Structures are given as C-alpha cells and as structure tokens.
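K.L.:
Give the three-dimensional model of this entry:
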Amino acid sequence: MAPQTVPLSDGRGVVASFDDPRGIGVVRRDDGTEYPFHCTAIGNGTRTIAVGSAVSFSVAAGRGGRWEAIAIVEVGD
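P.N.:
Predicted coordinates:
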C-alpha cells in the first residue's frame, strides 16, 4: 500500500538540518513549516544531502502519525 500523501501548494524548500551519522534531517518550506525525513527519502540514492540545498519533496504520514518529507530531490535555484 502506498503512503498517504498530502498535496502541497509549494513542495519546495531547503534542507534545514541533516545529521549524516544518524541519517535524519529536516526540510523547511518557505512558509517555515518543517518536516523531518530519513536518508532513505533522498531521491538520488546517495543517502546524504547538504544543509542549505534547495529541494522539492512530497509529504506523507510517517511513524507515530507525524508528517514526514519523502521523495526529496535537489533542484536548481
């Protein structure tokens, strides 16, 4: 079963933080809304991403009922 996603008016933001050893981070939309993510949600398969990278992403229900960023892809400015 595919995860439930929420349509976003703007599925773009920046990587606000990323802890490489733990593989977890936070994406922040332009409106300040933040979504946690796991390194497996990074779309290019590298499992790492630089803080400050401009990204596009989707949001899905994650563990514990919280919303998480998925399908994270770096985009040009």
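K.L.:
So which residue is smack in the middle of this protein?
P.N.:
The residue lying closest to the centre of the chain (CA atoms, centre = their mean) is A69, at 3.5 Å.
K.L.:
part of a helix, is that residue?
P.N.:
No. Counting by DSSP: H, G, I helix; E, B strand; the rest coil, A69 falls outside a helix, being strand.
K.L.:
beta partners of it?
P.N.:
V59 (DSSP bridges).
K.L.:
same check, this time on I42
P.N.:
Applying DSSP bridges, one finds that I42 bridges with I72.
K.L.:
Could you report the distance from it to G23?
P.N.:
9 Å (CB to CB, to the nearest Å). Every C-beta, even on glycine, is put in place using the N, C-alpha and C of the backbone.
K.L.:
who's in contact with the residue nearest to the centre of the chain?
P.N.:
Remark: with contacts taken as CB atoms under 8 Å, 6 or more residues apart in numbering, A69 is in contact with V27, Y35, P36, F37, A41, F57, S58, V59.
K.L.:
And the strands in the protein?
P.N.:
Secondary structure of the chain (DSSP state E): strands located at 5-6, 12-19, 24-29, 34-38, 54-61, 67-74.
K.L.:
Can you lay out the ones you listed as TSV showing mean pLDDT and distance to T48?
P.N.:
Converted to TSV, the strands of the chain look like this (pLDDT from 0 to 100; distance: least, CB to CB, whole Å):
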stretch	mean pLDDT	distance to T48
strand 5-6	54	24
strand 12-19	97	7
strand 24-29	96	10
strand 34-38	95	12
strand 54-61	92	13
strand 67-74	93	11
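K.L.:
Could you say which one of those comes nearest to T46?
P.N.:
Distance to T46, taken as CB to CB, is lowest for strand 67-74 among the strands of the chain, at 10.1 Å.
K.L.:
That's all I had, so thanks and see you.
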